[in-house]
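Enquirer: Below: sequence and its predicted model.
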Amino acid sequence: MSRFTLPRDIYHGKGCLAELKNLKGKKAILVVGGGSMKRQGFLDKAVAYLKEGGMEVSLFEGVEPDPSVETVMKGAQAMRDFEPDWIVAMGGGSPIDAAKAMWAFYEYPDTTFEDLCIPFNFPELRQKAKFAAIPSTSGTATEVTAFSVITDYAAGIKYPLADFNITPDVAIVDPDLVEALPPKQVAYTGMDALTHAIEAYVSTLHCAFTDPLALQAIEMVFDYLPASYNGNMTAREEMHYAQCLAGMAFSNALLGIVHSMAHKTGAAFSTGHITHGCANAMYLPFVIKYNAKEAAAASRYAEIARRMGLPGASEQALVNSLCEKIDEFNVKLNIPKTLKEFGIDETEFKEKIAKISELAVSDACTGSNPRTIDPAAMEKLFTCIYYGTEVDF
């Protein structure tokens, strides 16, 4: 048996932020990030809509990129003090992910972070509050997913939390919120969305419910991401919907080792934090070549290429066309091809990669990857990505 879970309501279209006034409750805590929503006026609008609906509103501001365990605990305490019956998270993936984890500690103060790190081990939520998510970037799709990523900076590790309990009740996908995104963020979040859709399509847990969503998302990213990057607002609106469709797919089909690798390298190197979407974009073509050694995976990648109208008379040729298309996008979006080009120090890479590889293999996303991998193979794959060498194993 499989399960397919989405938010009960997904509002989409310009101006749909106003749906906040129709939430039914007494108190709402609004969780936001570093200030872009405030500067652009959306925070004030959200507060006004909630108050118009009759709710008392409290703010929890300043969630950092790649939110920390410490921020989650502070937010949970703020929720226990205020006792909201709605948690509303607005911004990029970080404040929404953080609010999901805060939600668990608000309702279950005695639970531990270690308990939540076990996949699908959350206690039953909605005992005190429901959850609404409003994305201001077009990539993570956390507004429709059963996932949250929290960083333990002391250990240098990103932990993906997974449980259908943390799928939001309401998603508000308003393209007005992404019109001011800087090009680099458009690029990274767009490639994150593409990775979500491709990994969901080849996942061992893909099904008839997730496949159409994944393919539609891939097609829309191929059609609209370059124009969105170059400032076309119609394309930017379509990308906001594409990333949401990709999220619906991967929340139910799960992901693969591109994400395992990105989770475990993001905060691992002293020479520079690797933004999640940038890491995914770099790793994706190499992982496709690794996974395509497995016949079933090669067939799925070839089907993607075929559906996107890419050239190729054989499965292998189609897989190569898909990788070339992704490489072409990375060039257009000014994304490095290799970890060396990104700027990761070679000596530090060699010192740390064995441990990073072990952690990546044990990541929650590895289990649904279409080809098995062990730490030795993972280290070889990372080495190919560092130097840009061919994946021939």
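Expert: The structure has been received and is ready for your questions.
Enquirer: How much space separates Leu205 from Thr372?
Expert: To Thr372, Leu205 is 15 Å away according to CB to CB, to the nearest Å. Just so you know, the C-beta spots here come from the backbone N, C-alpha and C atoms, and that holds for glycine as well.
Enquirer: now do Ala104
Expert: 31 Å.
Enquirer: Please apply the same query to Ser138.
Expert: For Ser138 relative to Thr372 (CB to CB), the value is 32 Å.
Enquirer: More neighbours: which of those two?
Expert: Higher neighbour count among Ser138 and Thr372: Ser138, with 32 against 11, using other CB atoms under 10 Å.
Enquirer: Verify the stated contact: that one with Met191.
Expert: No - here Ser138 lies out of contact with Met191, judged by CB atoms under 8 Å, at a distance of 10.7 Å.
Enquirer: between those two, what contacts are shared?
Expert: Listed contacts common to Ser138 and Met191 are nil; contacts here mean CB atoms under 8 Å, 6 or more residues apart in numbering.
Enquirer: Can I take it that Ala133 is in a strand?
Expert: Yes - using DSSP: H, G, I helix; E, B strand; the rest coil, the secondary structure at Ala133 is a strand.
Enquirer: before we move on, what SS does Tyr159 have?
Expert: Assignment for Tyr159 (three-state DSSP): strand.
Enquirer: tell me the contacts of it?
Expert: Contacts of Tyr159 (CB under 8 Å, 6+ apart): Phe113, Cys117, Val149, Ile150, Thr151, Asp152, His263.
Enquirer: cool, and Asp176?
Expert: Listed by CB under 8 Å, 6+ apart, the contact set of Asp176 reads Lys14, Gly15, Leu17, Phe42.
Enquirer: Where does the third one sit: helix, strand or coil?
Expert: To tie it back to what came earlier, the one meant is Leu17. Assignment for Leu17 (three-state DSSP): helix.
Enquirer: correct me, but Glu358 touches Pro375?
Expert: Yes - shown here, Glu358 and Pro375 form a contact pair, counting by CB under 8 Å, at 4.7 Å.
Enquirer: so how far is Ser148 from the residue nearest the centre of the chain?
Expert: The chain has Thr140 as the residue nearest its centroid, 3.1 Å off, counting by CA atoms, centre = their mean. Using CB to CB, Thr140 is found at 10 Å from Ser148.
Enquirer: and if you look at Ser299?
Expert: From Ser299 over to Ser148 (counting by CB to CB), the distance is 32 Å.
Enquirer: How is this structure divided into domains?
Expert: Using automatic domain parsing, the domain parsing of the chain gives 9-178, 183-387.
Enquirer: Go through those domains and name the closest to Met1.
Expert: Closest to Met1 of the domains of the chain, according to CB to CB: domain 183-387, at 10.9 Å.
Enquirer: Retrieve the pLDDT associated with Arg306.
Expert: Note on Arg306: pLDDT of 98.
Enquirer: can you start the count at 90 instead of 1 from here on
Expert: In the new count, where the first residue is 90, that last one comes out as Arg395.
Enquirer: Pull the contacting residues for it.
Expert: Gly401, Leu407.
Enquirer: measure it to Val408 for me?
Expert: On the measure of CB to CB, Arg395 and Val408 end up 11 Å apart.
Enquirer: Return every residue with contacts to both of these two.
Expert: Counting by CB under 8 Å, 6+ apart, the residues touching both Arg395 and Val408 are Gly401.
Enquirer: Tell me which of Ser388 and Ser237 has more neighbours.
Expert: Neighbours were counted for Ser388 and for Ser237 using other CB under 10 Å; Ser237 has more, 28 against 15.
Enquirer: Pretty sure that one sits against Thr231.
Expert: Yes - between Ser237 and Thr231 there is a contact under CB under 8 Å: 6.9 Å.
Enquirer: which neighbours do those two share?
Expert: With CB under 8 Å, 6+ apart as the test, Ser237 and Thr231 both reach Ile185, Asp186, Lys189.
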